[in-house]
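> Task: produce atomic coordinates for the following.
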Amino acid sequence: MADTAPRPKVVKTEAEWRALLTPEQFRVTRGHGTECAFSGPHLSQKEAGTYSCVCCGEPLFHSSAKFESGTGWPSFFQPVSKDAVSAVHDHSHGMHRIEIRCATCDAHLGHVFPDGPRPTGMRFCMNGVALTFRADAVADSAASEGAGER
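Below you'll find the predicted structure:
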């Protein structure tokens, strides 16, 4: 049975985040910035795997939900679970959007729009610098190696 207990929030000082992240990762995730379209990592990533938060490492999206949106940012039609991300109303830049944050550490990831593909019709448009990628083969072998340690 999967553990459904809420994950503890990851909270760090600004100095701790700055020491952990590159300047661009900090600007985007902690300063609610946006990377330039077609400039970030993972846009062309086709390998099967999991995209996690660059700040805290929590899994957020799986490649099976990734699609080519043509927007210049990695896009997904759903997160790995409904509890992986949180949504916040964003009224910046004179418009109303729904900001998507990591539910564990509140890192700014991107925005969600109702113009995605089936089955959800949603487009989670994420900043590539806010994500790390781990191939399924790597994740599967790490899980196998750790199985004997439990």
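
> Return the residues in contact with the closest residue to Ala48 other than its chain neighbours.
Once flanking residues are discounted, Ala48 sits nearest to Asp136: 4.5 Å by Cβ to Cβ, 6 or more residues apart in numbering. The way it works is simple: take the backbone N, C-alpha and C, and place the C-beta from them, glycine included. Residues in contact with Asp136 (Cβ atoms under 8 Å, 6 or more residues apart in numbering) are 47-50, 63.

> go with 10 Å
With contacts defined as Cβ atoms under 10 Å, 6 or more residues apart in numbering, Asp136 is in contact with 47-50, 62-64.

> and if you look at Lys46?
Going by Cβ under 10 Å, 6+ apart, Lys46 touches 63, 66, 68.

> now Ala130
Per Cβ under 10 Å, 6+ apart, neighbours of Ala130: 21, 24-25, 28-29, 33-35, 40-42, 51-55, 60, 73-74, 100-102, 107-110.

> where does Val129 land in three-state SS?
Three-state call for Val129 (DSSP: H, G, I helix; E, B strand; the rest coil): helix.

> so where's the chain uncertain?
1-6, 138-150 (pLDDT under 70).

> can you give me the strands for it?
Along the chain, the segments classed as strands by DSSP state E run 49-53, 59-62, 66-67, 75-76, 85-90, 97-102, 108-113, 123-126, 131-135.

> can you redo the ones you listed as a markdown table with mean neighbour count?
Shown next, in a markdown table, are those (neighbours: other Cβ atoms under 10 Å):
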| stretch | mean neighbour count |
| --- | --- |
| strand 49-53 | 22 |
| strand 59-62 | 22 |
| strand 66-67 | 16 |
| strand 75-76 | 26 |
| strand 85-90 | 15 |
| strand 97-102 | 20 |
| strand 108-113 | 22 |
| strand 123-126 | 24 |
| strand 131-135 | 18 |
